[in-house]
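Predicted coordinates and the sequence they were generated for:
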Amino acid sequence: MAPASDQQSFGSDKTNGNSRVMLSAVILTPASLLDAPLFRRTRRSVEFADEIHVYRLSEPIQDFASVRNSALAEAHGEWVLFIDSD
């Protein structure tokens, strides 16, 4: 069973009017780290992506594959970059 989480999306289509998203960045982070400087640096480090999804995890991950698969289902890019916030 996947942990309780919610998603926050940032960014926009940077493909000059083309609806195709080439790169999605997905950041998995504990909710407790959202205000930490490390998370802010991590968030800035993927600003080159066409879209950014932040998954706030409210409990420890028990089934990492399930969490990644849920995030992958929400990403629209042809390529998906997964980043841990820590």
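Arrived safely.

which SSE is the residue nearest to the spatial centre of the chain in?
Centroid-nearest residue in the chain, with Cα atoms, centre = their mean: Val26, separated by 2.2 Å. Using DSSP states H and E, Val26 sits in strand 23-30.

Which strands or helices does that strand pack on?
helix 37-45, strand 51-57, helix 64-74, strand 79-84 (3 or more Cβ pairs under 8 Å, 6 or more residues apart in numbering; DSSP states H and E). Using the backbone N, CA and C atoms, a C-beta is placed for each residue, glycine as well.

The same query, at a cut-off of 7 Å, please.
helix 37-45, strand 51-57, strand 79-84 (3 or more Cβ pairs under 7 Å, 6 or more residues apart in numbering; DSSP states H and E).

Contacts only, for the residue nearest to the centre of the chain.
53, 55, 71, 75, 80-83 (Cβ atoms under 7 Å, 6 or more residues apart in numbering).

Quick check: beta-bridge partners of it?
Beta-bridge partners for Val26, by DSSP bridges, are His53, Phe82.

Just give me the closest of the contacts of Val26 to Leu34.
The closest of the contacts of Val26 to Leu34 turns out to be Tyr55 (Cβ to Cβ; 11.0 Å).

so the closest one makes contact with Leu28?
Yes - here Tyr55 reaches Leu28: they are 5.1 Å apart, a contact under Cβ atoms under 7 Å.

Test my guess that Thr29 contacts Ser58.
No - if you go by Cβ under 7 Å, Thr29 and Ser58 don't touch, sitting 10.8 Å apart.

quick one: which of these two has more around it?
Thr29 (22 against 11; other Cβ atoms under 10 Å).

what's the neighbour count on Ala36?
For Ala36, using other Cβ under 10 Å, the count is 14.

Just the pLDDT for the closest residue to it other than its chain neighbours.
Ranked by Cβ to Cβ, 6 or more residues apart in numbering and with sequence neighbours excluded, the top spatial neighbour of Ala36 is Ser85, at 8.0 Å. Note for Ser85: predicted pLDDT of 79.
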